[in-house]
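Student: Next come a sequence and a model predicted from it.
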Amino acid sequence: MQETITLPLVEYEKLFASEALFRQVADSAPSLIWLSGTDALCTWFNKLWLDFRGRTMEQEMGNGWSEGVHKDDFDRCLEVYLASFGERTPFRMEYRLKRADGEYRWLLDHGVPRFSEGGIFLGYIGSCTDINDIYIERQVQLDLTKRLAEYAAIVDSSDDVILSKDLNGIVRSWNSAASRLFGYSSEEMIGQSILKLIPEHLMHEEKTIIENIRAGRRVEHFDTVRRAKDGSLLDVSVTVSPVKDEQGHVVGASKILRSISDRKRLEQSLLQAEKIAATGRMAATIAHEVNNPLEAVTNLLYLLRSKITDEEGLKYLSTAESEITRVSHIAKQTLGYYREYAAASAASLSEIAQQAVDIYEPRCIAANIKLNTSFHSSCKPVVRRGEMMQVFSNVIANSIYAMPQGGTIDVEVSDSKTGPKGVNLVVRDNGSGVSPENLPRIFDAFFTTRATIGTGIGLFVAKQLIEGHGGEITIESNQDSDAHGTTVRVFLPLATNYDVSQIKR
């Protein structure tokens with residue numbers, strides 16, 4: 001229901017005079033101005049509004065002006081206007097209004113309630129400011145901020161290290177992947193020199209990279225090495241791109257870095273596999289070429305047996321025949337590529353170890369090495385004797401090489417007292433020992449600490465043979481002046497991989 005206003009005649013005259021003056025001033029104002037009555041319908045618009053809209057006063061009065069409000073803004077604006085009108089409170093709202101040329105422009109509309117001198121509510125007065133350009137700029141900034149936030153999230157969640165630096169090499173940004181790879185937090189790196197990550201012998205790389213960046217050139221997929229917080233060296237691939245300001249001047253560099261340690265390890269594995277394959281082909285040739293003369297020596301030893309009557313001489317002859325048989329077997333088994341096809345059988349590791357000791361004892365005596373034995377094993381696991389003999393021989397021979405000035409070798413065989421049932425073999429020497437940096441690679445193929453005489457195959461083959469039986473071989477070593485030496489431990493389970501009775505169960 002329309003609100004009825006009753007004013008004294010004098011107040012009417014004052015109101016009429018003041019509104020006439022107001023309309024005269026409003027028509028010259030730089031803002032779009034409107035008036036509404038107590039029924040919430042618009043009663044007047046200033047000249048700038050009518051010019052903006054390109055419509056007459058009659059067309060705009062009442063609710064006519066609302067025909068120009070964008071349909072997506074209409075309900076929201078109506079709700080704000082009516083709510084404020086009902087409570088007689090000021091309001092501010094933004095909406096799009098169609099201009100005379102058909103373009104919708106964003107306006108900021110500020111409305112306040114009007115009252116007479118006697119405090120009687122007369123309606124609302126409002127002024128509108130064209131904020132279209134400001135609004136669009138604000139949206140652009142909001143969109144930019146959103147995109148930057150998205151880019152930041154992408155950078156921070158990337159598995160690749162992404163960082164930026166200025167032309168002096170000072171780190172300006174540092175993502176989570178960088179923290180994971182290098183161990184430094186962003187607080188520890190931002191503001192620090194990138195040289196913190198570069199090993200001393202590669203410092204010259206940074207100068208070359210910065211020179212390329214200053215010239216506007218990218219450095220792509222550059223393989224190098226960087227240092228982590230814990231001091232470890234990492235193989236990485238680096239791509240560096242120049243960062244330019246609005247004028248196109250280079251002001252810094254962005255860097256994407258990826259760890260290629262796994263790739264390097266794979267390359268090394270492939271290279272090693274190629275070496276092993278080549279050695280395998282060579283092994284076949286060796287086995288073919290060596291077996292013939294070995295058979296001839298075996299026959300000659302057989303003929304020699306009837307010529308020797310001395311008991312000690314016969315003992316040495318038997319040892320020589322045994323060794324020739326073993327060498328023939330090793331030639332076929334060369335470097336672990338030929339597997340022993342003789343059937344596995346239950347055997348005493350103490351007896352096999354004693355046989356190996358008997359063979360190497362003359363060499364130990366000549367090298368001033370004391371050989372101590374302790375054989376206390378009653379177990380007879382199913383093994384391939386030739387392979388076990390090769391393992392024991394390789395380990396004892398390594399100990400002899402480690403003591404050129406003499407020393408002591410202890411060889412022990414015992415049944416396992418705790419844990420899984422099996423047999424323990426321990427070969428302990430007080431030789432020069434293996435350095436801590438070489439110990440992790442001691443079982444690698446072709447790795448040796450004896451560059452002039454070693455092949456790096458003995459322990460590699462020993463590990464394959466022991467693990468083939470289902471066992472385990474480990475090495476402990478020390479180079480301390482007062483406690484140097486090496487201990488090789490072999491565990492062979494009672495139920496080996498060649499125990500058919502265990503497999504059937």
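Tutor: Yep, it's here. Numbers count the residues shown, from 1 in each chain.

Student: Let me see the contact set for Arg76.
Tutor: Met93, Tyr95 (CB atoms under 8 Å, 6 or more residues apart in numbering). For glycine as for every other residue, the C-beta is placed from the backbone atoms N, C-alpha and C.

Student: how does the protein divide into domains?
Tutor: Annotated domains of the chain cover 9-136, 158-259, 261-338, 339-504 [automatic domain parsing].

Student: Centre of the chain to the first one, how far?
Tutor: Going back to what we said before, that points to domain 9-136. Using CA atoms, centre = their mean, to the nearest Å, the mean C-alpha position of domain 9-136 is found 62 Å from that of the whole chain.

Student: Report the mean per-residue pLDDT for that domain.
Tutor: When the per-residue pLDDT values of domain 9-136 are averaged, the result is 87.

Student: List the contacts of the residue nearest to Gly433 when sequence neighbours are not counted.
Tutor: Setting aside the residues directly before and after it, Gly433 is nearest to Gln479 in space (CB to CB, 6 or more residues apart in numbering), at 4.1 Å. Residues in contact with Gln479 (CB under 8 Å, 6+ apart) are Ser432, Gly433, Val434, Ser435.

Student: With Ser432 instead?
Tutor: When the contact criterion is CB under 8 Å, 6+ apart, the partners of Ser432 are Ala402, Met403, Gln479, His484.

Student: And the helices in the stretch 251-400 of the chain?
Tutor: Secondary structure of the stretch 251-400 of the chain (DSSP state H, counting those that start in this stretch): helices at 261-305, 311-332, 349-366, 385-401.

Student: Now do the residue nearest to Ile194 when sequence neighbours are not counted, the pLDDT please.
Tutor: Leaving aside its chain neighbours, Ile194 sits nearest to Gly169 (4.6 Å; criterion: CB to CB, 6+ apart). Model confidence at Gly169, given as pLDDT, is 89.

Student: Quick check: the gap between Val383 and Tyr360.
Tutor: 20 Å (CB to CB, to the nearest Å).

Student: Of those two, which one has the most company?
Tutor: The residue with the greater number of neighbours, taking Val383 and Tyr360 and applying other CB atoms under 10 Å, is Val383; the counts read 26 against 20.

Student: sorry, back to before: now tabulate the contacts of Ser432 in JSON lines and tack on distance to Ser374.
Tutor: Formatted as JSON lines, the entries for the contacts of Ser432 read as follows, by distance: CB to CB, whole Å:
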{"residue": "Ala402", "distance to Ser374": "20"}
{"residue": "Met403", "distance to Ser374": "19"}
{"residue": "Gln479", "distance to Ser374": "26"}
{"residue": "His484", "distance to Ser374": "22"}
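
Student: For those residues, which entry has the maximal number of neighbours?
Tutor: Note: the member of the contacts of Ser432 with the most neighbours is Ala402, at 22 neighbours, neighbours being other CB under 10 Å.

Student: is it true that that residue touches His484?
Tutor: No: judged on CB atoms under 8 Å, Ala402 makes no contact with His484 at a distance of 9.4 Å.

Student: can you list residues touching both of these two?
Tutor: Contact with both Ala402 and His484 is made by residues Gly431, Ser432, Gly433, according to CB under 8 Å, 6+ apart.

Student: from those residues, which is closest to Phe74?
Tutor: Distance ranking of the shared contacts of Ala402 and His484 against Phe74, using CB to CB, places Gly433 first at 88.3 Å.

Student: can you tell me how far the closest one sits from Asp482?
Tutor: Distance, Gly433 to Asp482, using CB to CB: 12 Å.

Student: Helices of the stretch 1-150 of the chain, start to end?
Tutor: Assigned helices in the stretch 1-150 of the chain, in chain order: 9-27, 47-53, 57-60, 71-87, 132-157 (criterion: DSSP H, counting those that start in this stretch).

Student: give me the low-pLDDT residue ranges for the stretch 101-250 of the chain?
Tutor: Along the stretch 101-250 of the chain, the model assigns pLDDT under 70 to residues 148-149, 151-157.

Student: same thing but at 80, please
Tutor: Along the stretch 101-250 of the chain, the parts satisfying pLDDT under 80 run over 117, 140, 142-159.

Student: pretty sure Gln390 is in contact with Lys463, am I right?
Tutor: No: contact between Gln390 and Lys463 fails when scored by CB under 8 Å: they sit 11.8 Å apart.
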